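Novice: Just the structure for this:
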Amino acid sequence: MGQDPHKLFELAEQHGCSASCFRCRAQFYISKYEMTQAQWRHLTGKNPSAFLSGEKHGKKLITSRNPVELVGWDDCAKLLHKIGLQLPTEAQWEYAARAGTHTSWPYGDSVEDLQGKANLADLTMRPYKPAWPYNRKLEDGHLVHAPVGSFLANPWGLFDVAGNVWEWCRDRHTSYRAPARERDGLRDDKASRKRVFRGGCFRSTARDVRSAKRQQTDPARRVNTIGLRPALSSTR
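Specialist: Residues are numbered from 1 along each chain as shown. Modelled structure (predicted):
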């Protein structure tokens, strides 16, 4: 995506993937950034986001480089399929987010390690939502999501893998003990309708932006805290 918000995707190449105890060896590509509002509008002609470019929230102005949100799993899967991309599997997402680390976050095990690297519920939120469980050790300056790439990248050059907006994954929600497809780790238990999302958001506590944290909801649900990060498997 570089400096041009209309350029589709700058992809970072990775090899292998892991989520929980699963490992696979298929090559895949994953975007360095969450999809922006400008990109979604470029592809669909619409911007569904709740926090729109041009609005001011807290002390920050929303821009076209802020992540798109208010998009359901069904919306994202359909759009990405149309342009030859896909959502990452949970295994791919966690492998890329961890970037070879084994710590709580790809930046370390201390909450203080998140300063300058994650957009989550912290001191910036205190004047606006004093009852919210914000972190008193951090301050990121953003009340809602920030333009993609505003914080430092993980060791492999991926931005916003902790906080900003949650990111849909391709898998149906099921136990890690369920069978996983060998090449990409996909768990597609048809008995489950729920879809997984990962990474945490601007309203999350530090605990909820851990690399291991997973959430699930209905694929048609659209909320202002969930977006997407495009990917592409070498063998689809």
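
Novice: what about this protein, any weak spots by pLDDT?
Specialist: 1-26, 235-236 (pLDDT under 70).

Novice: Swap in 80 and give it another go.
Specialist: For the chain, applying pLDDT under 80 flags the ranges 1-26, 176-180, 182-183, 189, 191, 234-236.

Novice: helix or strand for the spatially most central residue of it, which one?
Specialist: By Cα atoms, centre = their mean, the mean C-alpha position of the chain lies nearest to E167, the distance being 3.2 Å. Assigned by DSSP states H and E, E167 belongs to strand 166-172.

Novice: How about S150?
Specialist: Under the criterion DSSP H and E, no helix or strand holds S150.

Novice: May I ask you to confirm that it is in contact with N119?
Specialist: Yes. When contacts are counted by Cβ atoms under 8 Å, S150 is listed as touching N119 (7.2 Å). For glycine as for every other residue, the C-beta is placed from the backbone atoms N, C-alpha and C.

Novice: ok, back up a step: pretty sure the residue nearest to the centre of the chain sits against Q92.
Specialist: No. Using Cβ under 8 Å, E167 is not in contact with Q92, being 11.3 Å away.

Novice: returning to what we had before: which strands or helices does the helix or strand that the strand holding E167 is followed by pack on?
Specialist: Of the helices and strands lying after strand 166-172 in sequence (DSSP H and E), the nearest is strand 195-198. Applying 3 or more Cβ pairs under 8 Å, 6 or more residues apart in numbering; DSSP states H and E, one finds that strand 195-198 makes contact with helix 90-98, strand 166-172, strand 214-217.

Novice: Show me where this protein has its helices.
Specialist: 37-44, 73-82, 90-98 (DSSP state H).

Novice: So which of the ones you listed is the most surrounded?
Specialist: Most buried of these by mean neighbour count (mean count of other Cβ atoms under 10 Å) is helix 90-98; its value is a mean of 27.

Novice: Now that helix - C-alpha only, PDB.
Specialist: What follows is helix 90-98 as a C-alpha-only set of coordinates in PDB (Å, rounded to 0.1, in the frame of the first residue of the first chain):
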ATOM      1  CA  GLU A  90      -6.100 -18.700  11.900                       C
ATOM      2  CA  ALA A  91      -2.800 -20.600  11.600                       C
ATOM      3  CA  GLN A  92      -1.500 -18.200   9.000                       C
ATOM      4  CA  TRP A  93      -2.600 -15.200  10.900                       C
ATOM      5  CA  GLU A  94      -1.000 -16.200  14.200                       C
ATOM      6  CA  TYR A  95       2.200 -17.300  12.500                       C
ATOM      7  CA  ALA A  96       2.500 -13.900  10.800                       C
ATOM      8  CA  ALA A  97       1.500 -12.000  13.900                       C
ATOM      9  CA  ARG A  98       4.000 -13.800  16.100                       C
END
